[in-house]
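Peer 1: Okay, structure incoming, though there's no sequence with it:
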Ligand code: SAH
């Protein structure tokens with residue numbers, strides 16, 4: 001990487017294959033060189049052009065002048081007693097976002113962010129308390145996976161990466177940053193990119209219905225939906241975007257998504273809030289909504305954060321809830337809480353965000369800005 005100011009150079013982590021081919025052509029080289037470049041970038045996690053020895057010297061020099069492979073800068077890294085790791089990554093001089101790696105015996109899941117903060121104002125989410133500042137760029141989204149793979153190395157088995165699964169469940173609403181998220185998803189699943197199978201990349205959304213329809217046309221990844229309540233009255237309160245796109249419309253979009261993509265099922269996330277949404281009546285109402293559909297419920301014990309009015313449901317209440325669902329024919333699992341000693345659990349990612357939104361959902365105004 002040369003000494004030219006970073007701002008003048010193109011970050012190659014932000015380019016899908018056709019865009020990279022066009023860029024390579026612009027530099028006077030053959031488009032197929034883009035494949036070689038990608039192979040260094042995504043198969044070998046190599047970020048130095050001078051190390052890419054099968055590319056001509058002149059081409060490497062031109063790349064160093066005009067391009068860079070730049071990942072978000074690490075502010076801090078914390079390791080949990082259970083092996084979970086959390087990185088705080090720089091968005092600019094004052095702001096930062098988070099990324100979490102969750103190792104399991106049979107896989108390694110990286111939970112990445114899509115925005116600095118979030119504008120959706122879900123009542124039980126710590127990111128929502130921070131407000132929203134900006135969308136992450138494609139390079140910053142792809143850069144998270146690249147960085148984690150470089151820092152974590154391989155799993156020990158030959159050719160195997162530490163990161164086998166990517167979930168967009170960190171900070172932000174990925175479908176509100178559609179324009180930058182979709183190219184990143186393509187780079188994750190492209191066989192010349194990270195080559196992750198479509199079932200190993202999961203986008204989680206609070207329920208931006210029009211974007212679910214659009215996503216179905218654009219890229220094939222698994223979908224998770226933050227449901228959290230079985231009826232509109234309660235969901236309006238917990239997930240305010242529900243006032244714009246109520247449950248019935250949301251579910252229609254979900255079944256459409258599966259049809260379009262030949263998907264197997266949708267995961268519905270359901271945070272367990274003591275005395276709020278965790279009674280057997282709620283479980284039965286969920287059965288009514290989901291029974292007979294290709295749906296799985298993932299029950300998430302609420303992770304508290306400073307200032308929240310909610311409490312986690314008791315283990316017994318969660319167990320009863322799960323048994324009720326299963327007994328009535330709906331698949332349900334309980335998400336194991338990981339990394340809570342370092343505030344890395346679901347809904348605890350706060351980063352450092354300077355709120356720039358004047359209106360947020362939940363403050364009556366429903367005008368959330370969503371990119372085309
Ligand atoms: N905005 C997207 C991506 C965030 S994913 C979405 O809403 O789906 C993070 C998951 O954790 C979501 O299902 C979210 O609702 C859930 N979550 C948020 N706050 C939580 C908390 N405090 N405890 C447990 N889960 C939480």
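Peer 2: Structure's in. What do you need? Not measured: the values here are computed from a predicted model. Residues are numbered from 1 along each chain as shown.

Peer 1: For the residue lying closest to residue 124 once chain neighbours are set aside, I want the exact helix or strand it lies within.
Peer 2: Nearest non-adjacent residue to residue 124, counting by Cβ to Cβ, 6 or more residues apart in numbering: residue 310, 5.2 Å away. C-beta: built from backbone N, CA, C; applies to glycine. Using DSSP states H and E, residue 310 maps to neither a helix nor a strand.

Peer 1: For burial, what's the neighbour tally of residue 310?
Peer 2: Residue 310 is flanked by 20 other residues according to other Cβ atoms under 10 Å.

Peer 1: Do I have it right that residue 20 meets residue 39?
Peer 2: No: if you go by Cβ atoms under 8 Å, residue 20 and residue 39 don't touch, sitting 11.7 Å apart.

Peer 1: Low-confidence ranges, the stretch 251-372 of the chain, go.
Peer 2: For the stretch 251-372 of the chain, the stretches with pLDDT under 70 are 347, 357-372.

Peer 1: Could I get the full set of helices for it?
Peer 2: Using DSSP state H, counting those that start in this stretch, the helices of the stretch 251-372 of the chain run over 280-290, 315-327.

Peer 1: OK, contacts around the residue nearest to residue 124?
Peer 2: Neighbouring residues of residue 310 by Cβ atoms under 8 Å, 6 or more residues apart in numbering: 123, 124, 273, 274, 276, 302, 304.

Peer 1: same check, this time on residue 321
Peer 2: Counting by Cβ under 8 Å, 6+ apart, residue 321 has contacts 272, 278, 280, 282, 283, 299, 313, 332.

Peer 1: Would you check how far apart the fourth one and residue 230 are?
Peer 2: As for residue 282, its distance to residue 230 is 5 Å (criterion: Cβ to Cβ, to the nearest Å).

Peer 1: can you check the last one too?
Peer 2: Taking Cβ to Cβ as the criterion, residue 332 is separated from residue 230 by 13 Å.

Peer 1: Looking at the two, which is more packed in?
Peer 2: Shown here are residue 332 and residue 230; by other Cβ under 10 Å, residue 332 has more neighbours (24 against 20).

Peer 1: Surely that one and residue 322 touch.
Peer 2: Yes: at 4.9 Å, residue 332 and residue 322 qualify as touching, with contact defined as Cβ under 8 Å.

Peer 1: Overlap of the contact sets of the two?
Peer 2: Counting by Cβ under 8 Å, 6+ apart, the common neighbours of residue 332 and residue 322 are residue 299.

Peer 1: Show me which residues of the strand ranked longest in the chain are buried.
Peer 2: For the chain, the strand with the greatest residue count under DSSP state E is strand 96-104. Under the neighbour-count criterion of 16 or more other Cβ atoms under 10 Å, strand 96-104 has 96, 97, 98, 99, 100, 101, 102, 103 buried.

Peer 1: closest to residue 210 among those?
Peer 2: Closest approach to residue 210 among these (Cβ to Cβ): residue 97, at 25.3 Å.

Peer 1: Show me the domain layout of the protein.
Peer 2: 10-68, 73-342 (automatic domain parsing).

Peer 1: so who does residue 296 touch?
Peer 2: Counting by Cβ under 8 Å, 6+ apart, residue 296 touches 265, 266, 267, 268, 331, 332, 333.

Peer 1: out of everything not next to it in sequence, what's closest to it?
Peer 2: Once flanking residues are discounted, residue 296 sits nearest to residue 331: 4.6 Å by Cβ to Cβ, 6+ apart.

Peer 1: wait, the one you found sits on residue 295?
Peer 2: Yes: using Cβ under 8 Å, residue 331 is in contact with residue 295, at 7.3 Å.

Peer 1: any shared contact partners between the two?
Peer 2: Contacts common to residue 331 and residue 295, judged by Cβ under 8 Å, 6+ apart, are residue 265.

Peer 1: who's more crowded, these two?
Peer 2: residue 295 (22 against 14).

Peer 1: Test of understanding: give the bridge partners of that one.
Peer 2: residue 266 (DSSP bridges).

Peer 1: how near is it to residue 175?
Peer 2: For residue 295, the distance to residue 175 (Cβ to Cβ) stands at 19 Å.

Peer 1: what does this protein have sitting close to the ligand?
Peer 2: By the rule Cβ under 6 Å from any ligand atom, the part of the chain lying against the ligand is 122, 124-126, 169, 173, 204-206, 226, 269, 271, 300, 302-303, 346-347.

Peer 1: Just the buried ones from those residues, in ChimeraX syntax?
Peer 2: Per 16+ other Cβ under 10 Å, the buried members of those correspond to this ChimeraX selection:
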select :122,124,125,126,169,173,204,205,206,226,269,271,300,302,303,346,347
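
Peer 1: ranges for the strands of the protein?
Peer 2: Assigned strands in the chain, in chain order: 10-11, 67-68, 74-79, 85-90, 96-104, 107-111, 115-117, 132-135, 165-168, 201-205, 222-226, 266-272, 295-301, 331-334 (criterion: DSSP E).

Peer 1: pretty sure residue 178 contacts residue 210?
Peer 2: No: with contacts counted by Cβ under 8 Å, residue 178 stays clear of residue 210, the gap being 9.7 Å.

Peer 1: what about the two, which has more around it?
Peer 2: Of the pair residue 178 and residue 210, residue 178 is the one with more neighbours under other Cβ under 10 Å, namely 20 against 14.

Peer 1: residue contacts, the residue lying closest to residue 207 once chain neighbours are set aside?
Peer 2: With sequence-adjacent residues excluded and distances taken as Cβ to Cβ, 6+ apart, residue 207 is closest to residue 250, at 4.7 Å. Contacts for residue 250 (Cβ under 8 Å, 6+ apart) come out as 207, 209, 212, 225, 227, 242.
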